[in-house]
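**Student:** Mind looking at a prediction? Sequence and model below.
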Amino acid sequence: MALLSIEHYSLEYRLGNSYGRVLDDITLTLGKGEIFGLAGESGCGKTSLGSAILGTIPEGARHAGGKIVFDNRELTAMTEKELCTLRWKDMSMVFQGAMNAFDPTMTIEKQIADAVLVHEPKCRKKEAVERARNIMSRCEVNPALGKRYPHELSGGMRQRACIAMALVLSPKLVIADEVTTALDVMIQAQVYRVLKNLQEEMGLTILTISHDLALLAECADRLGIMYAGRLVELGDTRKIIESPQHPYVKALLASNPDFGGERIIRPAIEGAPPLLTERKPGCPFKPRCSVAQSDCHINTPELVEVSTNHWVACPCCLHSNSGKGNDHE
Ligand SMILES: Nc1ncnc2c1ncn2[C@@H]1O[C@H](COP(=O)(O)OP(=O)(O)OP(=O)(O)O)[C@@H](O)[C@H]1O
Ligand SMILES: [Mg+2]
């Protein structure tokens, strides 16, 4: 059953006197207890999607179509006050770089316990501390370290403490945005193992965001790959890793040594995605695409189900696979 349903959702940021579309027609459903991995090049809109779900889009940004429904409630129609009642308790987010956002003057345990006290004012202090210790231990942070200040923990430990803070109120959904980016490979794997264990123990639904497809492939049930604000491929992790269809996803995987790419330094994919101010109708990947057709700039490709639970937004690859030629209008 779906916990989160994003339907044709678009988001725009104010850029001076105009608006730039950062998310364009995103449709995505997350089932209860699922780990979904969202990947894509820097600037493609991953964090913006997380913020849109949580209702923390910056001032000047506007919903530009579609809706987001969480647990049968339409988030995009809620007031800030209503959203506040859901945040932390029902859904929470470990923000990109959050491990550096702990208050340096307070111990870890106190900061996690305070999160409980703020959202559940009737909870007694002693119980809040117990809950903080309990969730720390489930996140593999020794509760004895709770008496330490943030700078006294290693990066990996601090990141797990961040996850503990996001989970202390037992939300149904947690969005984990680049939670391991600043950590070394061994610690990255540990943090993802902790997330996976918590998902199993607590029945959590996790939307994990990273530009590192190899890491996501380790833990996610399904993957979504974004390019320039649009989802270009969506499906079961194994299908996407073993049989990518979109030219961008193919190039992304081919350039990654973890997926059999050559161990040489090279530009992953030549060129750069369009800036927010440059986004136009048509396939946004066309200028960088090796299989683009002359008419790819006309229609913006929609996601099409190419096999069960595998969706791709590229008519060119669909036609080349089915042997129907290049006419993809
Ligand atoms: N408040 C804002 N106002 C205007 N533009 C913004 C704002 N926040 C982000 N952007 C722009 O929106 C685009 C998407 O940003 P976002 O942070 O969602 O990307 P991302 O995929 O999370 O990137 P990264 O992998 O680097 O974290 C970028 O071009 C960014 O510069
Ligand atoms: Mg981001």
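**Tutor:** Looks like it came in fine. Ligands and ions are numbered 1, 2, ... in the order given.

**Student:** and the most centrally placed residue in the chain, bridged to which residues?
**Tutor:** The residue lying closest to the centre of the chain (C-alpha atoms, centre = their mean) is Ile209, at 3.0 Å. Applying DSSP bridges to Ile209 gives these bridge partners: Leu38, Asp177.

**Student:** residues in contact with it?
**Tutor:** Residues near Ile209 by C-beta atoms under 8 Å, 6 or more residues apart in numbering: 37-39, 46-47, 49-50, 96, 175-178. Quick note: C-beta positions are derived from backbone N, CA and C, even for glycine.

**Student:** change it to 6 Å
**Tutor:** With contact set as C-beta atoms under 6 Å, 6 or more residues apart in numbering, Ile209 has these partners: 38, 46, 177.

**Student:** Asn17 - how many residues pack around it?
**Tutor:** Neighbour count for Asn17, taken as other C-beta atoms under 10 Å: 5.

**Student:** Touching stretch 124-139 from outside, list them.
**Tutor:** Outside stretch 124-139, the residues within contact range by C-beta under 6 Å, 6+ apart are 109, 112-113, 116-117, 143, 146, 160, 163-164, 167-168, 194.

**Student:** Show me which positions of it end up buried.
**Tutor:** 128-129, 131-133, 135-136, 138-139 (16 or more other C-beta atoms under 10 Å).

**Student:** which parts of this structure sit against ligand 1?
**Tutor:** Neighbours of ligand 1 within the chain, by C-beta under 6 Å from any ligand atom: 13, 22, 40, 42-48, 58, 96, 211, 276.

**Student:** What about those, which are in helices?
**Tutor:** The helices in this structure, assigned by DSSP state H, contain 46-48 from these.

**Student:** could you say what helices and strands the helix or strand hosting Met186 packs with?
**Tutor:** Per DSSP states H and E: Met186 is located in helix 185-202. Counting by 3 or more C-beta pairs under 6 Å, 6 or more residues apart in numbering; DSSP states H and E, the packing neighbours recorded for helix 185-202 are helix 155-167.

**Student:** can we see that at 8 Å?
**Tutor:** strand 35-40, helix 155-167, strand 205-209, helix 213-219 (3 or more C-beta pairs under 8 Å, 6 or more residues apart in numbering; DSSP states H and E).

**Student:** re the thing from before, please report which of the ones in helices among the residues of the chain next to ligand 1 has the highest neighbour count.
**Tutor:** Greatest neighbour count in these, by other C-beta under 10 Å, goes to Lys46: 24 neighbours.

**Student:** do you know how far Gly33 is from Cys317?
**Tutor:** Applying C-beta to C-beta, to the nearest Å, the value for Gly33 to Cys317 is 32 Å.

**Student:** So which of these two has more stuff around it?
**Tutor:** Counted by other C-beta under 10 Å, Gly33 and Cys317 do not tie: Cys317 has more neighbours, with 22 against 16.

**Student:** Could you report the distance from the residue lying closest to that one once chain neighbours are set aside to Glu200?
**Tutor:** Nearest residue to Cys317, sequence neighbours excluded (C-beta to C-beta, 6 or more residues apart in numbering): Gln245, at 5.1 Å. Applying C-beta to C-beta, the value for Gln245 to Glu200 is 30 Å.

**Student:** The two: who's more crowded?
**Tutor:** More crowded of Gln245 and Glu200, by other C-beta under 10 Å: Gln245, with 23 against 11.

**Student:** Tell me if I'm right that that one and Cys314 touch.
**Tutor:** Yes. With contact defined as C-beta atoms under 8 Å, Gln245 reaches Cys314; the gap is 6.8 Å.

**Student:** Look up how far Ile112 lies from the residue nearest to Val312 when sequence neighbours are not counted.
**Tutor:** Leaving aside its chain neighbours, Val312 sits nearest to Gln245 (4.2 Å; criterion: C-beta to C-beta, 6+ apart). Look at Gln245 and Ile112: by C-beta to C-beta, they are 43 Å apart.

**Student:** Residue of the stretch 201-329 of the chain nearest ligand 2, please.
**Tutor:** Ile209 (6.6 Å; C-beta to the ion).
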